[in-house]
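**Student:** Everything below, folded, please.
(one chain, ligands or ions: 1)
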Amino acid sequence: MRFDAITLFPQMFETLSQFGVTRRAHERGLWQLRTWNPRDFTLDVHRTVDDRPFGGGPGMVLMAEPLACAVEAARADACDPGALPSVAPPWVICLSAAGRPLTDARVKQLAGEATRGRGLILVCGRYEGIDQRFIDALVDEEVSIGDFVLSGGEIAAMSLIDAVVRQLPGALKEESVRDESFGNGRLDAPQFTRPESWRGRSVPPVLLSGDHARIEQWRRDHSLERTRRVRPDLLQDDAQDNAEMHLPHEA
Ligand code: 9D3
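**Tutor:** Here you go, the predicted structure:
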């Protein structure tokens, strides 16, 4: 899969190909990233990418033209015959605090599009925002990663890349793909590893019992309990959950 990031801080993206699951997937050729700096598409001696907002207010706004030139350069490069074959032109996502929150379902759709050869252009805002005319003219979708304030779109874009790459076929060892959180709409049950006793705290005995049916039941119960307590919004169908609930005896 091909990603193109439009960013004033291209170096921020280097960690994706340097660490962990995304690094291994990159080494296997499952994804590649090119970065495009709007500053390189300015024509003035000061290489200006931002200006004061019309109507007044604090901070600066990213100007439309350098962003548009960067997106158009990325699009031309992605559609170049020497580049990866692509059935449809790349989808342009702007990472924005004012976007629709990213979901597991959307991540999986984007990974699916990628397996059909479609790339993603990710536009990262900085300062107080981006000239709306650029968004209207060139952006297909605005995406946020949650209701908190970041300093710009880069870390959000990196989060999106991380989430999409791990969904690409071959990115994960097979067992890790199992019933992940959100895949089944539940949080994971608590996890434990050696030693059996740590600073006076023991592991729930059922997990040491070797009784796989009871272990599965324990995990289902605790997954449900944790989801109820921490993320009740993930549970809509209460009748089904109550029917499934077997109160655990162990802590
Ligand atoms: C505090 C300033 N905000 C109110 C006027 C507007 C604002 C502007 C720019 C808030 C955040 C940002 C920078 N954030 C992003 O570019 C961003 C983001 C985020 O802040 N939270 C969650 N997802 C994202 S995706 C991009």
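**Student:** what does the stretch 51-200 of the chain put close to the ligand?
**Tutor:** Along the stretch 51-200 of the chain, the residues adjacent to the ligand under the rule C-beta under 6 Å from any ligand atom are 95-97, 125, 128-129, 144-146, 148-150, 152-153, 156. For glycine as for every other residue, the C-beta is placed from the backbone atoms N, C-alpha and C.
**Student:** ok, and the most crowded of those residues?
**Tutor:** The residue in those with the most neighbours, by other C-beta atoms under 10 Å, is residue 153 (29 neighbours).
**Student:** Confirm for me that that residue is in contact with residue 95.
**Tutor:** Yes: with contact defined as C-beta atoms under 8 Å, residue 153 reaches residue 95; the gap is 3.3 Å.
**Student:** Residues that sit against both of these two, list them.
**Tutor:** 122, 123, 124, 125 (C-beta atoms under 8 Å, 6 or more residues apart in numbering).
**Student:** of these, closest to the ligand?
**Tutor:** Nearest to the ligand out of those is residue 125 (C-beta to the nearest ligand atom; 4.2 Å).
**Student:** give me phi/psi at the residue nearest to residue 142 when sequence neighbours are not counted?
**Tutor:** Excluding the flanking residues, the one nearest residue 142 by C-beta to C-beta, 6 or more residues apart in numbering is residue 99, at 3.5 Å. For residue 99, the backbone dihedrals (degrees, to the nearest 10) come out as phi -90, psi 180.
**Student:** quick one: contacts for residue 99?
**Tutor:** Residue 99 is in contact with 141, 142, 143, 144, counting by C-beta under 8 Å, 6+ apart.
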